[in-house]
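S.K.: predicted structure and sequence below. I'll ask about it afterward.
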Amino acid sequence: MKRFFVAAAAACVLAAPGALAANMRKLPKAVSDSSGGGQALAADTSLIDIPTAGTLDYYGLLNKTRFFSGGNLLDEVSFGVLPQLNLGVSAVLENFIGTGTSVRLERPAIQAKYRFYDGSALFPALAVGYDGQGYYYDRSTDKFLEKERGLYLAGTKSVFSKWFQLHPGVNLSDFQSNSIYLSLAASFTVEDTFALMGEWDNIQRFDQSRINAGARFYVSPFFQIDFALRDIGKNAQLADGSVQRLERVVQLRYVTSF
């Protein structure tokens, strides 16, 4: 656990009030400032697993660190390289948390997202992207047993209230099987303090879909902490014989500018 506390402490230091204020929430029809006139929140570019149509501002930088089962750590860095265009890279460190010494780096993955439509009163904002990060990496086949999202289309639309958003999506995880999957996520933000998140992911066959739920706490406009449950109700055997079960996740998100 020593590495966990060191990483968490470093993230909290980075979230100090001296952060730059360039990255404001850009999701269409979403609240862009707190009701009390405070600073706007950084864009929610994703929830637990499902991407939104939100993007980082030009010159924006997002570092996302996820602690999950098996003592593993996923770190992802994304950049706003052009207006509405984000590029990123991620990798998993196996056995990073705990007393084991066999820390290993999994195959790195790349991400890209371009928001091509900002939305309207009737239609959601839309973004197209690619995410090569999967889970349960199998070294013998050099593949993820829980497949990467691959090529995707993500939408974001406020409904009923500016605080409640739906995030529908469709994705093609690989070009060999040509299997198309659907996803649907929802988020409800409570006065820029915390948000409740729910996801129904990997929708094609009901027994292969995934249910995730969690909460995001906005510690500052630039630093958030997520507590989530992945694969709720799952008890399935993966291709390598390992078991896919309920997973507890802690995720740190820090946004700044470069």
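M.R.: Structure's in. What do you need? Residues are numbered from 1 along each chain as shown.
S.K.: alpha carbons only for contacts and neighbour counts from here, please
M.R.: OK.
S.K.: look up which residues are beta-bridged to Arg210.
M.R.: For Arg210, the beta-bridge partners under DSSP bridges are Asp201.
S.K.: ah, wrong one, I meant Leu229
M.R.: Beta-bridge partners of Leu229, as defined by DSSP bridges: Ala213, Arg248.
S.K.: quick one: residues contacting it.
M.R.: 212-214, 246-249 (Cα atoms under 8 Å, 6 or more residues apart in numbering).
S.K.: make a ChimeraX selection of the buried ones in the residues you listed.
M.R.: To isolate the buried members of the contacts of Leu229 in ChimeraX, using 16 or more other Cα atoms under 10 Å:
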select :212,213,214,246,247,249
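S.K.: could you work out the most separated pair of the contacts of Leu229?
M.R.: Gly214 and Leu246 (12.8 Å; Cα to Cα).
S.K.: if we can go back for a sec, now the contacts of Leu229 in JSON lines, with distance to Ala109?
M.R.: Output for the contacts of Leu229, formatted as JSON lines (distance: Cα to Cα, whole Å):
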{"residue": "Asn212", "distance to Ala109": "22"}
{"residue": "Ala213", "distance to Ala109": "24"}
{"residue": "Gly214", "distance to Ala109": "24"}
{"residue": "Leu246", "distance to Ala109": "24"}
{"residue": "Glu247", "distance to Ala109": "22"}
{"residue": "Arg248", "distance to Ala109": "22"}
{"residue": "Val249", "distance to Ala109": "20"}
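S.K.: can I get the contacts of Leu229 in a markdown table with pLDDT and distance to Leu56?
M.R.: Listed next are those as a markdown table, based on pLDDT from 0 to 100; distance: Cα to Cα, whole Å:
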| residue | pLDDT | distance to Leu56 |
| --- | --- | --- |
| Asn212 | 97 | 24 |
| Ala213 | 98 | 24 |
| Gly214 | 98 | 22 |
| Leu246 | 92 | 31 |
| Glu247 | 93 | 28 |
| Arg248 | 94 | 27 |
| Val249 | 95 | 23 |
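S.K.: all helices of this structure, in order?
M.R.: 2-14 (DSSP state H).
S.K.: poorly predicted segments of the stretch 151-258 of the chain, please.
M.R.: Of all residues in the stretch 151-258 of the chain, none has pLDDT under 70.
S.K.: let me see the ranges of the strands in it.
M.R.: For the stretch 151-258 of the chain, the strands defined by DSSP state E, counting those that start in this stretch occupy 164-172, 180-190, 194-203, 210-220, 223-237, 243-257.
S.K.: could you check how far the last one is from the centre of its chain?
M.R.: Just to be clear, that refers to strand 243-257. Relative to its parent chain, strand 243-257 has a centroid offset of 8 Å by Cα atoms, centre = their mean, to the nearest Å.
S.K.: just the fourth one next, same as before
M.R.: Averaging C-alpha coordinates over strand 210-220 and over its chain gives two centres that are 10 Å apart (Cα atoms, centre = their mean).
S.K.: ok, now which ones touch Val89?
M.R.: Shown in contact with Val89 (Cα under 8 Å, 6+ apart): 76-78, 108-111.
S.K.: repeat that with 6 Å
M.R.: 76-77, 109-111 (Cα atoms under 6 Å, 6 or more residues apart in numbering).
S.K.: would you check which pair of the residues you listed lies furthest apart?
M.R.: Val77 and Ala109 (10.8 Å).
S.K.: tell me which of those two has more neighbours.
M.R.: A direct count of neighbours by other Cα atoms under 10 Å for Val77 and Ala109 places Val77 higher, at 19 against 16.
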